[in-house]
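Trainee: pasting the sequence and the predicted coordinates here, then a few questions.
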Amino acid sequence: MFESVMAETHDISFEIEGKAGIITLDRQHALNAITSDMVDGIAAALDAWEDDERVTRIIIRAVPGRAFSAGGDIRQLYDQAVTGAFDFDFFVREYRLNERIHAYPKPYIAMVDGIVMGGGVGVSYHGSHVVMGDQARFAMPEVGIGFFPDVGASYLLSRLKGPLSVKAGLFIGMTGIRIKAPDAVQLGLASHHVPGEQFDVVVERLCEGGNVDEILADAAIIKQNCALAGDAELIAAAFSQDDPLSMIAALEANGSNAAESIAAKMRAMAPLSLFVANRLVRKGRGLDMRGCMEMEYRLVRSMLTAPDFREGIRAAIIDKDGAPKWQPARLEDVTPEMVDACFADLPEGVPPLW
């Protein structure tokens, strides 16, 4: 029997079942895009359950559909860009929630199937356990809309496992490529790959109690066919370079179809965003989670108000012409000073995130 711990909305629900506090995203008409109310609801649930002895683990899941969560409410941000009246307090609450999930004292298990991007990553991939189904696709495509990989991507992408390590993080953050479960597990983005049809059984077992690691290990697929393995040498060579121009030059010199495809993806991105993403992932390696979120908060205040974000959304979802006019228009025209300005300290009078 489910026990409600707070008022439900049409977008998200909160229940206790057995030993688990369960958060269910239920906004499939908008691909479960994360809203302000959803952020506040999750934060309140975590507060309520932290000292509740009945709850020994948290599970976040989504109603079945195309997406676990396709990110944030981009159209709302576009409307704010048009008026110039940004709700930066939303990012304060969202980024604080991302860090809270990372540091949460109880197991936090994300059951992810379908698309997961942007804000959806922020409420799932910082948990202690990330379970990806067969239809799960992880992506951080923000450089394609004149923004940057946020919600803690500077922490996640700078700490990937395996021989590619940070080079894979740069590749993911600078191309927006979609990563399937086997690669996510190999890279350490996800802890387990479990067939989607087994999710309900796994959740039921988790609710009954027992050891979380053992329950997930019992259901996980061990043999993994990793798509990135075939391009590992190419990715390593290209993303060992220092900057986007050098990376693209290395790809174009390679001449293979895979290299040309990656180079074309990067050439289509907002030039300034590519340089920002490159520095973001590299800097993230030297910061803890709070430091990463603080850096991203400085970035969000500079990049949301820059012309590329509004133009990227216009081209992608408003006019849908796929022809953004970036400022600057070419990678060759991005200067170190432009990138430095994006990472500048918060404006005077703006309180820090922590």
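Mentor: That came in fine, so what should we check first?
Trainee: check what pLDDT the spatially most central residue of the chain gets.
Mentor: For the chain, Val121 is the residue whose C-alpha lies nearest the centre (Cα atoms, centre = their mean; 3.5 Å). In this model, Val121 is scored at 98, pLDDT.
Trainee: once you drop chain neighbours, what's closest to Leu274?
Mentor: Pro244 (4.4 Å; Cβ to Cβ, 6 or more residues apart in numbering). C-betas here are computed from N, CA, C, even on glycine.
Trainee: do the same with Arg310
Mentor: Leaving out its chain neighbours, the residue that sits closest to Arg310 by Cβ to Cβ, 6+ apart is Ala81, at 4.1 Å.
Trainee: tell me how far the residue nearest to Leu274 lies from Ala250.
Mentor: To Ala250, Pro244 is 11 Å away according to Cβ to Cβ, to the nearest Å.
Trainee: the more surrounded of these two?
Mentor: Legend: neighbour count by other Cβ atoms under 10 Å for Pro244 and Ala250, higher for Pro244 (22 against 17).
Trainee: downstream of the helix or strand where the residue nearest to the centre of the chain lies, the next helix or strand is which one?
Mentor: Under the criterion of DSSP states H and E, Val121 resides in helix 118-122. Downstream of helix 118-122, the next assigned helix or strand under DSSP H and E is strand 129-132.
Trainee: what sits up against the helix or strand following that next one?
Mentor: The element immediately downstream of strand 129-132 (helix or strand, assigned by DSSP H and E) is strand 137-139. Contact partners of strand 137-139, identified using Cβ atoms under 8 Å, 6 or more residues apart in numbering, comprise 112, 114-117, 121, 125, 132, 172, 176-180, 184, 189-190.
Trainee: the residue nearest to Arg310 reaches Leu304, doesn't it?
Mentor: Yes - the criterion here is Cβ atoms under 8 Å, and Ala81 meets it with Leu304 at 6.8 Å.
Trainee: excluding its backbone neighbours, what's nearest Ala33?
Mentor: Asp73 (4.9 Å).
Trainee: state the mean pLDDT of stretch 164-184.
Mentor: Predicted confidence along stretch 164-184 averages 97 (mean pLDDT).
Trainee: got the end-to-end distance for it?
Mentor: 12 Å (Cα to Cα, to the nearest Å).
Trainee: how far does it sit from its chain's centre?
Mentor: Computed by Cα atoms, centre = their mean, to the nearest Å, the chain-centroid distance of stretch 164-184 equals 11 Å.
Trainee: now stretch 329-339
Mentor: 25 Å.
Trainee: and the contacts of that stretch?
Mentor: Residues outside stretch 329-339 that contact it (Cβ under 8 Å, 6+ apart) are 244-245, 248, 267, 271-272, 274-276, 279, 328.
Trainee: those, buried ones only, as a PyMOL selection?
Mentor: Remark: buried members of the contacts of stretch 329-339, expressed as a PyMOL selection using 16 or more other Cβ atoms under 10 Å:
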select buried, resi 244+245+248+271+272+274+275+276+279
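Trainee: take the contacts of stretch 329-339 and write them to a markdown table, including secondary structure.
Mentor: Below are those laid out as a markdown table (DSSP: H, G, I helix; E, B strand; the rest coil):
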| residue | secondary structure |
| --- | --- |
| Pro244 | helix |
| Leu245 | helix |
| Ile248 | helix |
| Arg267 | helix |
| Pro271 | helix |
| Leu272 | helix |
| Leu274 | helix |
| Phe275 | helix |
| Val276 | helix |
| Arg279 | helix |
| Pro328 | coil |
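Trainee: the contacts of stretch 329-339: which two are farthest apart?
Mentor: Across the contacts of stretch 329-339, the two members that end up farthest from each other (Cβ to Cβ) are Arg267 and Arg279, 19.0 Å apart.
Trainee: mind listing the helices for the stretch 101-250 of the chain?
Mentor: 118-122, 153-156, 166-175, 181-187, 199-208, 212-219, 232-238, 244-254 (DSSP state H, counting those that start in this stretch).
Trainee: buried sites along the third one?
Mentor: Buried residues in helix 166-175, defined by neighbour count with 16+ other Cβ under 10 Å: 166-175.
Trainee: quick check: the gap between the residue nearest to Ala33 and Arg96.
Mentor: For Asp73 relative to Arg96 (Cβ to Cβ), the value is 18 Å.
Trainee: same question, Pro324
Mentor: 31 Å.
Trainee: please apply the same query to Ile16.
Mentor: In this structure, Ile16 and Arg96 are 24 Å apart, going by Cβ to Cβ.
Trainee: and what of Ala236?
Mentor: From Ala236 across to Arg96, the span is 35 Å (Cβ to Cβ).
Trainee: contact partners for Ala190?
Mentor: 112, 125, 130-132, 136, 138, 181, 184.
Trainee: so what pLDDT did it get?
Mentor: Per-residue confidence (pLDDT) for Ala190: 98.
Trainee: quick check: closest non-adjacent residue to it.
Mentor: Counting by Cβ to Cβ, 6+ apart, the residue nearest Ala190 is Ala184, at 3.9 Å.
Trainee: now for this structure, the helix or strand with the poorest mean pLDDT.
Mentor: Ranked by mean pLDDT, DSSP states H and E, the weakest helix or strand in the chain is strand 3-4, scoring a mean of 44.
Trainee: quick check: next helix or strand after that one?
Mentor: That would be, after strand 3-4 and using DSSP H and E, strand 12-17.
Trainee: now whichever helix or strand comes after that next one against helix 199-208, angle please.
Mentor: Next in sequence after strand 12-17, counting helices and strands by DSSP H and E, comes strand 20-25. Relative orientation of strand 20-25 and helix 199-208, computed by axes from the mean of the first three to the mean of the last three Cα atoms, to 10 degrees: 140 degrees.
Trainee: all set now, cheers.
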